[in-house]
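[1] I would like the atomic coordinates for the input below:
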Amino acid sequence: MLTPGQAADSPRFRAVVERSKVRVPVGRPRTRPDAVAADKAYSSRANRAYLRNRKVKAAIPEKADQAANRKKKGSRGGRPVTHDTMLYRERNTVERCINKIKEWRGPATRYDKTPESYLAGLPLRGAILWIRSLQPT
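    You can find the predicted model right below:
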């Protein structure tokens, strides 16, 4: 899902999760993942409630200001947010892939002004990375 460069990603969280498909070895792709790993930008009550209602495990750390606000409320603030740290560490693989995509100047700086040309460059960069991975080092 493409958003303007200056727009925050968190409001689009729900739409991205709904559009995602989980590939499994046999059968058609599922529409509900087992878990979602995201960074602190996606830590909000609305996002966590959405995942909880869909019975999806959330691996999203709590922001420091949210934790301080919760602690300030005392017993009315609720329980601390828990997340699976091992699952959160796997997010590193995705971040490294995004960094490899951004090594290409087009996606990194958004020289492509139209959404169509920007989105067309992403599969092209993916193909280049895949072909390079096939070559022996």
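
[2] contacts and neighbour counts: CA atoms only from here.
    Noted.

[3] residues near R48, how many?
    By other CA atoms under 10 Å, 18 other residues sit near R48.

[4] same thing with I101?
    Neighbourhood size, I101 [other CA under 10 Å]: 21.

[5] all helices for the protein, in order.
    13-19, 45-53, 64-72, 85-89, 91-102, 105-109, 115-134 (DSSP state H).

[6] what is the last one packed up against?
    Where contact means 3 or more CA pairs under 8 Å, 6 or more residues apart in numbering; DSSP states H and E, helix 115-134 is packed against helix 91-102, helix 105-109.

[7] redo these as a markdown table? Include mean pLDDT.
    Compiled in a markdown table, the helices and strands packed on helix 115-134 are given as follows (pLDDT from 0 to 100):
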| stretch | mean pLDDT |
| --- | --- |
| helix 91-102 | 86 |
| helix 105-109 | 74 |
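
[8] let's have those helices in JSON lines, adding distance to A64.
    Converted to JSON lines, the helices and strands packed on helix 115-134 look like this (distance: least, CA to CA, whole Å):
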{"stretch": "helix 91-102", "distance to A64": "20"}
{"stretch": "helix 105-109", "distance to A64": "29"}
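
[9] so where is this structure shaky, pLDDT-wise?
    Along the chain, segments meeting pLDDT under 70 span 5, 110-112, 137.

[10] show me the domain layout of it.
    Split into domains by automatic domain parsing, the chain comes to 13-88, 90-137.

[11] contacting residues for the residue nearest to the spatial centre of the chain?
    Against the mean C-alpha coordinate of the chain, by CA atoms, centre = their mean, the closest residue is A38 at 5.0 Å. Counting by CA atoms under 8 Å, 6 or more residues apart in numbering, A38 touches 59-61, 88, 91.

[12] give the ChimeraX command for selecting the buried subset of the residues you listed.
    The ChimeraX command for the buried members of the contacts of A38 (criterion: 16 or more other CA atoms under 10 Å) is given here:
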select :59,60,61,88
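
[13] farthest pair in the contacts of A38?
    P61 and R91 (12.1 Å; CA to CA).

[14] which among the contacts of A38 gets closest to A108?
    Of those, the one sitting nearest to A108 (CA to CA) turns out to be R91, at 19.8 Å.

[15] residues contacting the closest one?
    Applying CA under 8 Å, 6+ apart, we find R91 in contact with 37-38.
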